[in-house]
Each structure stands twice: as C-alpha cells, then as structure tokens.
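> no FASTA, just this:
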C-alpha cells in the first residue's frame, strides 16, 4: 500500500483544523471577506492559505516519487518533513509576537521536500 495517501489524510485533517480556526475568527470578528484589518484573523487566514498553496504540489510530487519506484524510506522522510514543516510554519505565523525561526524552518522543510522530490522523480523513473 502506498504511504503518501496516509500522509495526505493527516495533512487533510490539519487543513480542516486550520480552516475551522479561520472560520471561528471570521465569526468572532464578524468579517466575511478579507481580514477586516484584524491581525489574528490575518495571520490565521495566511496560515490556512499558505498551507493550501504548498501542500497539494508537495504531496503530488512525493506521490510521483513513490509510484515511480522510489525507496519507501525516501517517501516517508519526505512526508514527515512536509508535515513537520507545515506544523512549524503554522505555529510560527500564528504567534502574535512571531518567532521567525519556526516560520523559516517550516518553509525550509517545505521547499526541501519540493526540491528533493523534483530531483528524485527523474532518477526513480530511470532506475
């Protein structure tokens, strides 16, 4: 059984949590569209949007590595790095007094997954 769908399910649950968090803040501050110039809502919306922007592509690339015959350990390493990266980024950006180390670590992990998968795809297809 492929491992990527299991990680996709976990990331899907995280996405729902981020969505609910943003919806609750929209209700609390009575903002239907945009951020209403509200900092907590702005941060929650950006965490949610950033997750939606990066996770689908990263998962797709990892799935291509896995289905192309890449080592199971590589698939798990990439997926764990993606989950950790997205959690780190979400935590960092969500803080009112942001510690940029979490945000940067999250993006470095996410970009590393994307780059590693991009580099691995042609190699696993050739093997």
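Now that the structure is in, tell me what you want to look at. Keep in mind that this is a model prediction, so the values were computed, not measured. Numbering: from 1, shown residues only.
> Without its sequence neighbours, what residue ends up closest to residue 54?
Leaving aside its sequence neighbours, residue 54 sits nearest to residue 110 (Cβ to Cβ, 6 or more residues apart in numbering; 5.3 Å). Every residue, glycine included, has its C-beta placed from N, CA and C.
> model confidence over the helix or strand hosting the one you found, on average?
Assigned by DSSP states H and E, residue 110 belongs to helix 100-126. Mean per-residue pLDDT for helix 100-126: 95.
> Against which helices or strands is that helix packed?
Packing partners of helix 100-126 (3 or more Cβ pairs under 8 Å, 6 or more residues apart in numbering; DSSP states H and E): helix 39-67, helix 72-94.
> Next, the buried residues of stretch 51-66.
Using 16 or more other Cβ atoms under 10 Å as the test for burial, stretch 51-66 gives 51, 54, 55, 58, 59, 61, 62, 63, 64, 65, 66.
> Among these, find me the one that's closest to residue 125.
Residue 125 has its nearest neighbour among the buried residues of stretch 51-66 in residue 64, at 8.7 Å by Cβ to Cβ.
> Tell me how far the closest residue to the closest one other than its chain neighbours lies from residue 57.
Spatial nearest neighbour of residue 64, chain neighbours left out: residue 121 (5.2 Å); criterion: Cβ to Cβ, 6+ apart. Using Cβ to Cβ, to the nearest Å, residue 121 is found at 13 Å from residue 57.
> Next, the buried residues of stretch 23-43.
Buried, per 16+ other Cβ under 10 Å, within stretch 23-43: 25, 26, 31, 35, 38, 41, 42, 43.
> Could you pull up the mean pLDDT of stretch 19-35?
Per-residue scores along stretch 19-35 average to 93.
> Name the residues of the strand or helix carrying residue 25 that come out as buried.
Taking DSSP H and E as the criterion, residue 25 maps to helix 4-29. Within helix 4-29, the residues scored as buried using 16+ other Cβ under 10 Å are 4, 7, 8, 11, 14, 15, 18, 21, 22, 25, 26.
> ok, those residues vs residue 80, which is closest?
residue 7 (7.8 Å).
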